[in-house]
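> The following block contains a protein sequence and its predicted model.
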Amino acid sequence: MSSGWKSVIFTALMAAVVSGAVTWTSAVWIMRERQPANLHAIVHQKLDLTAQQDHALDAIEARFAARRPALEAEVRKANRELAAAIAASKGDTPEVQAAVDHFHVAMGDLQKATIAHVFEMRAVLTPAQARIFDEAVVDALSQDAG
């Protein structure tokens with residue numbers, strides 16, 4: 001097989017790998033995006049909040065809503081860097097590993113901020129409300145795990 005055909009096949013295979021990785025990442029991202037809406041519905045529709053709790057939770061949610069886009073943007077940026085590093089490499093290079101590390105850090109930062117947000121919300125609840133909230137969080141995480 002000539003060198004030109006090897007290059008074409010290699011490029012096609014790399015494009016397929018990158019495409020698959022991006023598709024998988026997007027699917028995981030979309031599934032995670034559904035979770036806060038469910039948690040939000042449980043908090044505001046099933047917990048019989050007092051006006052004070054509702055006000056406190058609105059403030060907590062507003063702070064997280066302001067912070068979350070930057071965290072998500074960093075995840076998307078890291079994902080693009082990983083795609084570019086894979087496309088430019090001939091294998092598992094230090095550039096690919098650096099991009100993987102950046103992606104892990106960005107996803108970790110988003111996950112840590114989300115968990116901190118969940119616990120900040122929980123602190124506003126009564127013990128009875130917190131039990132319902134905890135069950136919803138555990139159920140959501142269990143469903144996400146497959």
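Alright, I've got the coordinates.
> which stretches of this structure form helices?
3-46, 51-88, 94-122, 127-144 (DSSP state H).
> CSV for those helices, including mean neighbour count and mean pLDDT?
In short, each C-beta sits where N, CA and C put it, glycine included. What follows is the helices of the chain, written out as CSV (neighbours: other Cβ atoms under 10 Å; pLDDT from 0 to 100):
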stretch, mean neighbour count, mean pLDDT
helix 3-46, 12, 60
helix 51-88, 15, 93
helix 94-122, 15, 93
helix 127-144, 14, 86
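> Return the distance of Ala59 relative to Gln52.
11 Å (Cβ to Cβ, to the nearest Å).
> what's the answer for Ala70, then?
Ala70 is 29 Å from Gln52, where distance means Cβ to Cβ.
> just Thr114 next, same as before
From Thr114 to Gln52 the distance is 24 Å (Cβ to Cβ).
> try Ile60
The separation that Ile60 has from Gln52, given Cβ to Cβ, amounts to 13 Å.
> Could you do Ala62 as well?
16 Å.
> Give me the contacts around stretch 107-126.
Contacts of stretch 107-126 with the rest of the structure, by Cβ atoms under 8 Å, 6 or more residues apart in numbering, involve 36, 39, 43, 47, 53, 56-57, 60-61, 64, 67-68, 71-72, 74-75, 78, 130, 133-134, 137.
> ok, now with 7 Å
43, 47, 53, 56-57, 60, 64, 67, 71-72, 74-75, 130, 133, 137 (Cβ atoms under 7 Å, 6 or more residues apart in numbering).
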